[in-house]
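1. pasting the structure only:
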């Protein structure tokens with residue numbers, strides 16, 4: 001196997017075996033599927049970089065060139081090139097296949113059709129020992145103890161860093177790869193990254209995926225930090241894609257001026273829903289509820305109600321139950337989806353709706369809401385004002401998120 005550490009600090013000699021300098025770094029061009037080595041960064045010479053095709057051979061920490069030192073010309077660096085030691089080694093990158101953040105201890109290279117390609121990342125202790133010249137000792141110790149000491153390598157195809165500064169590797173993860181991951185997996189990755197790299201990940205997500213990922217992050221402080229690093233337009237778009245109750249909880253943890261600015265940039269309907277929720281205390285049904293519920297007028301027929309559902313296109317959480325109201329949004333009943341589907345098309349929904357609906361007032365405590373949901377085995381319970389007008393619903397998962405410890409709640413959310 002060939003590794004970057006085999007080249008670092010190697011002596012460089014020209015065609016006449018005159019010393020030219022030592023290797024400081026290798027340059028690669030970001031090509032698919034594997035980057036190609038295009039240049040060598042030198043130290044101890046006036047010519048800081050040379051083209052890789054000028055290298056004749058390398059062995060035992062020595063690079064031999066095809067030309068004399070006096071004939072060397074500087075390598076013309078391209079925008080899509082990367083310095084491996086400076087910009088990748090020791091940095092955190094995302095292993096897309098393993099869905100985790102890993103540290104780059106060494107880089108695996110391979111000679112293919114006359115080119116030297118970057119093909120893998122060494123994330124194990126063996127790579128670290130190799131860099132400090134102790135890999136041989138480690139192998140001997142492992143052999144004496146009868147232990148296996150495997151390489152821990154991941155394919156370069158599973159990572160995708162781009163040019164960055166010295167302190168951090170920004171991530172450019174292909175949209176197709178990222179879109180295939182579950183938001184909970186992305187949230188775990190984001191949790192391990194630096195603030196700058198979190199922003200880079202969210203920059204690669206569309207609004208819907210970014211919103212779902214943000215909702216999976218349990219730490220509201222981290223959620224707020226991510227949004228604060230995004231520009232106002234982008235942050236407001238993500239908030240619009242979030243569930244109203246999640247967006248309200250997030251804005252409540254942000255500085256008032258920033259929260260108000262984001263609300264102003266949101267679409268009017270979405271902003272009104274969020275502002276309405278912000279008016280309630282966090283520990284009440286009003287503060288816990290979402291306005292994303294489905295309600296239809298009592299005057300509709302079964303066929304008209306189904307057509308109305310098609311128009312609304314509710315998400316799965318919102319359509320636990322279909323509530324029936326009058327023109328002033330007074331809660332009159334609730335529909336079973338089964339009854340709605342099997343009812344004759346011209347039957348008025350008020351003729352087969354369930355009239356006795358369990359509900360809670362907006363100022364009910366979270367404990368009381370949980371008690372109602374548990375007692376009647378509900379997936380969601382409607383929240384009403386003093387005039388029995390429906391204001392929103394509290395779902396069973398939202399109640400569980402509040403009453404369970406954070407780690408348990410996070411695990412439960414992933415399961416469901």
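-> Yes, it's here. Source: prediction; values computed, not measured. Numbering: from 1, shown residues only.

2. for the stretch 151-300 of the chain, which segments count as helices?
-> 175-179, 183-192, 195-203, 207-216, 220-229, 232-241, 244-252, 256-265, 268-278, 285-288 (DSSP state H, counting those that start in this stretch).

3. most tightly surrounded among the ones you listed?
-> helix 285-288 (a mean of 25; mean count of other CB atoms under 10 Å). Where C-beta positions appear, they are placed from N, C-alpha and C, glycine not excepted.

4. could you dump the helices of the stretch 151-300 of the chain to CSV with distance to residue 341 and mean pLDDT?
-> As requested, those are exported to CSV (distance: least, CB to CB, whole Å; pLDDT from 0 to 100):
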stretch, distance to residue 341, mean pLDDT
helix 175-179, 32, 57
helix 183-192, 30, 82
helix 195-203, 39, 77
helix 207-216, 28, 90
helix 220-229, 38, 86
helix 232-241, 29, 92
helix 244-252, 28, 87
helix 256-265, 39, 91
helix 268-278, 28, 87
helix 285-288, 30, 90
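
5. of these, which is nearest residue 361?
-> Distances from residue 361 to each of those were compared by CB to CB, and the smallest falls on helix 285-288, at 6.8 Å.

6. now do that closest one: distance to the chain's middle.
-> Mean C-alpha position of helix 285-288 versus that of the full chain (CA atoms, centre = their mean, to the nearest Å) differs by 28 Å.

7. stretch 264-282 now?
-> The mean C-alpha position of stretch 264-282 is separated from the chain mean by 25 Å, CA atoms, centre = their mean.

8. mind checking the end-to-end distance for that stretch?
-> 22 Å (CA to CA, to the nearest Å).

9. quick check: next helix or strand after the helix or strand hosting residue 367?
-> Here residue 367, judged by DSSP states H and E, is contained in helix 366-375. Sequence order places strand 380-384 as the next helix or strand after helix 366-375, per DSSP H and E.

10. now the angle between helix 366-375 and that following strand, please.
-> Put simply, strand 380-384 runs at 130 degrees to helix 366-375, going by axes from the mean of the first three to the mean of the last three CA atoms, to 10 degrees.

11. next, the buried residues of strand 380-384.
-> 380-384 (16 or more other CB atoms under 10 Å).

12. now those as CSV including pLDDT?
-> Formatted as CSV, the buried residues of strand 380-384 follow (pLDDT from 0 to 100):
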residue, pLDDT
380, 91
381, 94
382, 95
383, 95
384, 95
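
13. out of the residues you listed, which is nearest to residue 236?
-> So of these, ranked by how close each gets to residue 236 (CB to CB), first place is residue 383, at 26.1 Å.

14. outline the domain layout of the protein.
-> Residue ranges for the domains of the chain, per automatic domain parsing: 2-78, 92-158, 175-279, 294-403.

15. starting at the chain centroid, how far to the longest one?
-> The reference is to domain 294-403. For domain 294-403, the distance to the chain centre is 33 Å (CA atoms, centre = their mean).

16. equivalent analysis for the shortest one, please.
-> Once both centres are worked out by CA atoms, centre = their mean, domain 92-158 turns out to sit 25 Å from its chain's centre.

17. appreciated, that's everything.
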